[in-house]
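Colleague: Coordinates for the following, if possible.
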Amino acid sequence: MEKISEILSSYTVLNLEDRIQFELDGVVEKEVKQAYCIENLEFCVSCMDYTTLKATDTEDSVKAFVIDLLKKLKKGNLKEVASVCVYPNFAGTVREALTNTTIATTVVAGGFPASQTFVELKLSECRMAIAAGAQEVDVVISVGDVLEKNFEKIYKELSAIRNVCEGVRLKVILETGELKNIEDIFYASLVSMYAGVDFIKTSTGKVPVNATPEAVYAMCEAIKQYHARTGKKVGLKVAGGVSKAANALRYLTIVNHILGREWLTSNYFRIGTSQLLDDILKEIKSVREKTDE
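Modeller: This next block holds a predicted model:
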C-alpha cells in the first residue's frame, strides 16, 4: 500500500469551503423545511446513540437512565434508538439493562475525551470494554497530530485500534471544533476511513465548539469521495450540542443532500445526544396537533 500521505494528496478540497457556504445558505436551507415531518423526526430517534457521559454517573444512575429511555420510547410509540452510549466501565450495566431489546451498547474508549495517553492503554481500554459487553466503540483521533499533519502516525494508531475492535462497530471522533479549517476536517476524515473505521464522528461534546453544519458537510464530502474511489461505505455520526429537533433535521438533510438516501439508515447515520429525545417528542406532538386541527 502507498503511504497514507500520498493517498491523501490525491484527493481534492479545491473550492470546497466556498461550495459549503453556497450550499448551506441556499439549497440545504430549502430542503430542511421540506424535511420537517413526523416520519423524519421518528427516523432521527431510531438513529440516536442515547448518551450519558457525566462525571457523576454510577451503575444505579446509568441503569435508571436506560429504564427512563425505554419508558419514553414506549410512551411515544417510537422505534428503538440505535444504541446507548456510556463510559466503558458501564458497558456491562447497559448491556444487561438492554436485555430483550435490539439496542446496541456503545462506549467511549481509547483515552476519551482527549486521546492523550499511551497507545497501549488505548488498546487495553478498548479490549476491556468489548470484553465487558460493548458492541460499538467510539474513540478520539489524535487532534494534535491532525494539526501537524502526522498522518502516518494517525493511520498506524487507528489501524491498531481497528484490529483490537474486530467484530464491533468502530467510530472515530475527529473533534472538528478543535481543527483549524475545512481541509483539516476533510483529511482527518480520510485517514480515519483508510484505517478501516465504520463511522466518522464530529465531536466529543467536551469542547467549546462541537458539531456544525460546515464540519458535517466537509465530512460528508470526504465520505462521498472515499466511496467513489474505494466502493466502501462509511457512516457519519453527529454529536455535541444536538439538543433540538431542528438541528437534527438539518444534519439529516445535509447527509441526504450529499450522500443520498442510501445513508439514511442507522447503519450509516447516527446522532449522539443526551437531550434531543425530549425535544423530538415535543415536536411530534406539536405536528400531530396541527394536523388534527
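
Colleague: I figured residue 102 hits residue 79, correct?
Modeller: No. Using CB atoms under 8 Å, residue 102 makes no contact with residue 79, being 9.6 Å away. (C-beta placed from N, C-alpha, C; glycine too.)

Colleague: Give me the more crowded residue out of these two.
Modeller: Between residue 102 and residue 79, counted using other CB atoms under 10 Å, the more crowded position is residue 79 (14 against 10).

Colleague: Could you find the closest non-adjacent residue to the more buried one?
Modeller: In space, residue 79 comes closest to residue 46 once its chain neighbours are excluded; the distance is 4.5 Å by CB to CB, 6 or more residues apart in numbering.

Colleague: wait, doesn't that neighbour sit right on residue 81?
Modeller: Yes. Taking contacts as CB under 8 Å, residue 46 lies within contact range of residue 81: 6.7 Å.

Colleague: Compare neighbour counts for the two and give me the winner.
Modeller: When residue 46 and residue 81 are compared for neighbours, residue 81 comes out ahead with 27 against 16, by other CB under 10 Å.

Colleague: Correct me if wrong: the more buried one contacts residue 49.
Modeller: Yes. Contact between residue 81 and residue 49 holds when scored by CB under 8 Å: they sit 7.4 Å apart.

Colleague: what do residue 102 and residue 79 both touch?
Modeller: Counting by CB atoms under 8 Å, 6 or more residues apart in numbering, residue 102 and residue 79 have no common neighbour.

Colleague: Near the nearest residue to residue 65 once chain neighbours are set aside, how many other residues are there?
Modeller: For residue 65, ignoring the flanking residues on the chain, the nearest one in space by CB to CB, 6+ apart is residue 52 at 5.0 Å. The number of residues packed near residue 52 is 19, by other CB under 10 Å.

Colleague: Next one: the residue nearest to residue 79 from residue 208, what distance?
Modeller: Counting by CB to CB, to the nearest Å, the gap from residue 46 to residue 208 is 30 Å.

Colleague: Around residue 71, how many other residues sit close by?
Modeller: Using other CB under 10 Å, residue 71 has 10 neighbouring residues.

Colleague: Contact partners for residue 31?
Modeller: Shown in contact with residue 31 (CB under 8 Å, 6+ apart): 253, 256, 257.

Colleague: So which of those residues wins on neighbours?
Modeller: When neighbours are counted by other CB under 10 Å, residue 253 leads the contacts of residue 31 with 22 neighbours.

Colleague: Confirm that it sits in a helix.
Modeller: Yes. Counting by DSSP: H, G, I helix; E, B strand; the rest coil, residue 253 is found in a helix.

Colleague: For it, give me its contacts.
Modeller: By CB under 8 Å, 6+ apart, the contact set of residue 253 is 28, 31, 32, 35.

Colleague: Can you tell me which of the residues you listed are buried?
Modeller: Applying a neighbour-count criterion of 16 or more other CB atoms under 10 Å, the buried members of the contacts of residue 253 are 28, 31, 32, 35.

Colleague: ranges for the strands of the stretch 51-200 of the chain?
Modeller: Assigned by DSSP state E, counting those that start in this stretch, the strands in the stretch 51-200 of the chain fall at 83-86, 104-108, 136-140, 169-173, 199-201.

Colleague: Let me have these in TSV, adding distance to residue 92 and mean pLDDT as columns.
Modeller: Putting these into TSV (distance: least, CB to CB, whole Å; pLDDT from 0 to 100) gives the following:
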stretch	distance to residue 92	mean pLDDT
strand 83-86	10	98
strand 104-108	9	98
strand 136-140	15	98
strand 169-173	18	98
strand 199-201	23	98
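
Colleague: a markdown table for those strands, including mean neighbour count?
Modeller: Shown next, in a markdown table, are these (neighbours: other CB atoms under 10 Å):
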| stretch | mean neighbour count |
| --- | --- |
| strand 83-86 | 27 |
| strand 104-108 | 26 |
| strand 136-140 | 26 |
| strand 169-173 | 26 |
| strand 199-201 | 26 |
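
Colleague: okay if I get these as CSV plus distance to residue 124?
Modeller: Output for the strands of the stretch 51-200 of the chain, formatted as CSV (distance: least, CB to CB, whole Å):
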stretch, distance to residue 124
strand 83-86, 18
strand 104-108, 14
strand 136-140, 13
strand 169-173, 16
strand 199-201, 22
